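Asker: build me a structure from this.
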Amino acid sequence: MTDLWTAEEIAAATGGAVHGGFSVTGVAFDSREIGQDDLFIAMKGEATDGHLFLNKAFAAGAAGALVSAEIERPHVLVPDTTRALNDLGRASRARTEARICGVTGSVGKTGTKEALFAALDRAAPGRAHRSVKSYNNHTGVPLSLARMPREARFGVFEMGMSAAGELAALTRLVRPHVAIVTAIAPAHRAFFASDEAIADAKSEIFEGLEGGGTALVPFDSPHRDRLAAAARRHGGTVWTFGVGEGADIRAREVVPVQGGTLITATLPDAELTYTLSQPGEHWVSNSLAVIGAVDALGGDLAAAGLALADMAGLKGRGERHRIAVPGGEALLIDESYNANPASMRATLKSLGAENIRGRRVAVLGAMKELGETSDAFHAGLADPIEAACVELAILVGEEMAPLAKVLGAKVKMTHVPDASSALAPLEEAIGPGDAILVKGSNSMGLAALVEALAGGPSMSRGTGNS
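Answerer: Now for the predicted structure:
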């Protein structure tokens, strides 16, 4: 494997001093993620200090460390390791010749990032790079940049935010050639006065666009013009994507087929027909953003279509499991990683469209960070639950009380305080042929519920949403 960084390069990027020569093939700041010949960055946080885990990191195979206090192992010494991480990410971006895409949005950004990576990697195996998991914040983004191989042809970076100004800082590190906003939804409403304010914060991604870059904006969003205007202020060429007449990247035909959705899409200078493995209208939109980005990055559209047909669901974001129940099997749809009003509605709609012989069951955890709008948004899920023909709803968390009050007379329902309390009534209720959707904010701990139910391999294909 080609060296990712030498000690001398790390020192040059961070202004540090080398103590013992070494080279590394990976970078991590969590000692649990250290692999053979990695660089361990000993960062100081509010809860702990990475310097306490140096021995563990070297025992796991670290070749060297980036530290702010001298040690007896090979290292680069800097005054501030957090600042050094940013410097290393910035140096990685400066040296690469890769075409870079940044992805943000209130919903769909992780799934879109993964789908775009798969599309680019299909045509250039081993030459596409992306941020893993949801490493999309002030430490995850520079770490993902620092991990980008020298020989990468494409880089895809997810960027998130919970306050104004955060995306501006991240996008100036990433400096994307293409920037995607997947959708605007009332996530983090505890920190923003309106959806318009959220749109403005998301549009900060365009501030880092490289000259002549392309902004991809959702055509069917009420915030389309607001986002497009922000992109143009920063010199971006704007392409819209969606199903509406007039979108630059448009789904001209959308046909449900066995195993997914058949889409014929028109682009500014091309047309592509492809099968999308994930069901749901939200994924149609995500896929259009993906093919638009592939085109703008100079990738291979045909390979992108093949990748979208083969893409599997992501853990916590649509991964599917067949689980054993008395008398047969049931379908478990894992959307446990996160939730906001828009993603709840989208996944409930997909549940309603499932072709099953049993019942539709929804285990819904509270949606966090909605502020004063929380009660109204939770109660507002009653209509999509009914429209999805859900026959049993298990509501988890105190924030679900307004929904329980509205839903009680319409749908069979159980309201429990936490995820552990949901397992018994769920196991008692589900039967062969049922489809069970599990979705809620990550802090509700519904992933443990999924794990308790699944206990086995996931299906090869699934939906995805983030």
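
Asker: any stretches of the chain with poor pLDDT?
Answerer: Low-confidence segments of the chain, defined by pLDDT under 70, are located at 1, 456-466.

Asker: longest single helix anywhere in it?
Answerer: For the chain, the helix with the greatest residue count under DSSP state H is helix 281-297.

Asker: return the residues in contact with A164.
Answerer: By C-beta atoms under 8 Å, 6 or more residues apart in numbering, the contact list for A164 reads 192, 197, 200-201, 204. Placement of C-beta: from N, CA and C, glycine included.

Asker: can you check F157 too?
Answerer: Listed by C-beta under 8 Å, 6+ apart, the contact set of F157 reads 100-103, 113, 130-131, 136, 141, 144-145, 174, 176.

Asker: tilt between whichever strand or helix holds it and helix 281-297?
Answerer: Per DSSP states H and E, F157 falls inside strand 154-158. The directions of strand 154-158 and helix 281-297 differ by 140 degrees, with axes from the mean of the first three to the mean of the last three C-alpha atoms, to 10 degrees as the criterion.

Asker: I'd like the next helix or strand past strand 154-158.
Answerer: Past strand 154-158, further along toward the C-terminus, the next helix or strand under DSSP H and E is helix 166-174.

Asker: buried sites along stretch 292-305?
Answerer: Along stretch 292-305, the positions that meet the burial threshold by neighbour count (16 or more other C-beta atoms under 10 Å) are 292-297, 299-301, 303-305.

Asker: how close does the residue positioned nearest the centre of the chain sit to S336?
Answerer: Central residue check for the chain by C-alpha atoms, centre = their mean: the C-alpha nearest the mean position is that of T110, 1.6 Å away. Between T110 and S336 the distance, using C-beta to C-beta, to the nearest Å, works out to 13 Å.

Asker: what of G105?
Answerer: Computed as C-beta to C-beta, the G105 to S336 distance reads 19 Å.

Asker: re earlier: turn the contacts of A164 into TSV, including secondary structure, distance to R232 and neighbour count.
Answerer: Compiled in TSV, the contacts of A164 are given as follows (DSSP: H, G, I helix; E, B strand; the rest coil; distance: C-beta to C-beta, whole Å; neighbours: other C-beta atoms under 10 Å):
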residue	secondary structure	distance to R232	neighbour count
F192	coil	23	20
A197	helix	20	14
D200	helix	14	17
A201	helix	18	23
E204	helix	14	23
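
Asker: how far off centre is stretch 24-43?
Answerer: 23 Å (C-alpha atoms, centre = their mean, to the nearest Å).

Asker: what does that stretch rub up against?
Answerer: The set of residues external to stretch 24-43 that reach it, using C-beta under 8 Å, 6+ apart, is 1-6, 10, 23, 49-51, 53-54, 56-58, 60-68, 81-82, 84-85, 88, 139, 143, 146-147.

Asker: which of the contacts of F157 tops the neighbour count?
Answerer: When neighbours are counted as other C-beta atoms under 10 Å, the busiest of the contacts of F157 turns out to be V103, with 35 neighbours.

Asker: the strands in the stretch 1-150 of the chain, which residues?
Answerer: Using DSSP state E, counting those that start in this stretch, the strands of the stretch 1-150 of the chain run over 5-6, 17-19, 23-24, 26-28, 38-41, 64-67, 75-77, 99-104, 128-130.

Asker: rewinding a little: if I look at the residue nearest to the centre of the chain, how far off is S131?
Answerer: Counting by C-beta to C-beta, the gap between T110 and S131 amounts to 9 Å.
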